[in-house]
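Peer 1: Need the 3D shape of this:
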Amino acid sequence: MDIVNLLNQVTIINKKNTEILDATGGRFNMFRICGVNHYENTHSAIISEFLNPVGTHGLKSKLLKCFIESLGDFFAVKNFNVESARIRTEHSTRHGRIDILIEDNQYNAIIIENKIYAKDQPEQLKRYDKYAKIYRNGYQILYLTLFGDQASLQSGEGISYLSISYKDHIIKWLEECVAISSRYPIVRETIIQYINHLKQLTHQDMSIKNQTEITEVLSKIENLRAAKVISQNYSATYNYLSEKYFNPKMEEFASQKGFEYHFEYSEESYIKFHITKSSWQGRFWIGFTFESNRCFYGLCNNPNVYRIPDETRKKIHEELQSLNVGSYKESNWWPFYSYFTNLTLDVWEKDIIKDDYFFDDCKEKIKQLLIVIEKIGM
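Peer 2: Below you'll find the model as predicted:
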């Protein structure tokens, strides 16, 4: 009964928060509508434009100056000349491609490695540190992630870098930028929308008042015990939802096509499963999976057992390109893979529990791969 009461109280507060957002248009956000979620390049382009002294915002070096000041005493470069700063995105060097590079005319530099969900590349920050030696007066490497994670040891061990987050550093900086741009209404409102979008990505889109109410509810010991029980069973609930609303449909679809459906497990962000058949055994399968905080699907093989030959891989890509499946990648394990949007609570509700949109989308992706597999005789 404590759990039911707790859920009811939190539901009431959350509903009130949603009603306030709906009444004020607080959930309207063009960044979310346009799908600016997990693409580092897009976020890098947005942040770079705000930081750029000759950017279209018209505020010259004010936003860049504010950004440097927001880093406080942790910022290693002294006397960085913001007026002369030049910004580049996706800057190619022989040591790798830098997400955001900011240089001044005094041989100082700021290097920003932007990680929304992707993994570190081999010795990434070490390579950037080697490149940065050309800035003889000083440089600062910033490692930007959603929640302020540290770089992996293989990437950043022994390197002096500063870890910053969208959750704290970027949002707080942008909130100061709102005040700076107060006389530039289009710029100001764009920054506000981007702040709201980042708050959604970092799970901070509830008002302080409502957060305080929930904290007060949870502060009672009996509610804390109930909350602990809920948290212990939270992940398992998504397996239950998959078994009830998704698996039977995918099993039926696979069976009709003469395939086997293998459900692995679910979390809030994904349903992990694969499709196979007897004639593929030991060679390849169609998989839907989740790694480095991103959902992707594709054709998978175990290179330790069997690796699809390069010539066949080339044919797969050519055929998929002719079907206009969008951008795709390949690796040793995945001769073809492509990203798709992570699941959210809203998607579970609208597109899995109440509708078949997610199932239909998975089904179409599988059908496209099957067309290619059959066409090239795999």
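
Peer 1: Assign residue 49 to one of the three secondary structure states.
Peer 2: At residue 49 the chain is in helix, as set by DSSP: H, G, I helix; E, B strand; the rest coil.

Peer 1: residues near residue 297, how many?
Peer 2: Neighbourhood size, residue 297 [other CB atoms under 10 Å]: 22. Bear in mind the C-beta positions are built from the backbone N, C-alpha and C, glycine included.

Peer 1: How about residue 80?
Peer 2: 23.

Peer 1: and if you look at residue 48?
Peer 2: 20.

Peer 1: Read off the pLDDT value for it.
Peer 2: On pLDDT, residue 48 comes in at 95.

Peer 1: now that we're looking at it, which residues does it contact?
Peer 2: Applying CB atoms under 8 Å, 6 or more residues apart in numbering to residue 48 gives the contacts 87, 89, 100.

Peer 1: measure the second one to residue 112 for me?
Peer 2: The one in question is residue 89. According to CB to CB, to the nearest Å, residue 89 stands 9 Å off from residue 112.

Peer 1: any common contacting residues for these two?
Peer 2: Listed as contacting both residue 89 and residue 112 by CB under 8 Å, 6+ apart are 44, 99-101.

Peer 1: Walking through this structure, point out its strands one by one.
Peer 2: 86-93, 96-103, 108-115, 138-145, 161-165, 260-267, 270-276, 285-291, 294-300, 336-340 (DSSP state E).

Peer 1: got those as TSV, with distance to residue 67 and mean pLDDT columns?
Peer 2: Output for the strands of the chain, formatted as TSV (distance: least, CB to CB, whole Å; pLDDT from 0 to 100):
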stretch	distance to residue 67	mean pLDDT
strand 86-93	11	94
strand 96-103	9	95
strand 108-115	9	95
strand 138-145	10	95
strand 161-165	10	94
strand 260-267	34	96
strand 270-276	34	96
strand 285-291	31	93
strand 294-300	27	91
strand 336-340	29	88
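
Peer 1: and the end-to-end length of stretch 67-83?
Peer 2: Counting by CA to CA, to the nearest Å, you get 13 Å between the two ends of stretch 67-83.

Peer 1: in it, what counts as buried?
Peer 2: Within stretch 67-83, the residues that count as buried by 16 or more other CB atoms under 10 Å are 67-68, 70-71, 75-77, 80, 82.

Peer 1: State the pair within those that is farthest apart.
Peer 2: Within those, 76 and 82 form the most distant pair, 15.7 Å apart (CB to CB).

Peer 1: of residue 89 and residue 112, who's got more company?
Peer 2: A side-by-side neighbour count of residue 89 and residue 112, using other CB under 10 Å, places residue 112 first with 23 against 18.

Peer 1: Now do the contacts for that one.
Peer 2: If you count contacts by CB under 8 Å, 6+ apart, residue 112 has them with 44, 47, 98-102, 142, 144.

Peer 1: My guess is residue 249 contacts residue 359. True?
Peer 2: Yes - if you go by CB atoms under 8 Å, residue 249 and residue 359 touch, sitting 5.0 Å apart.
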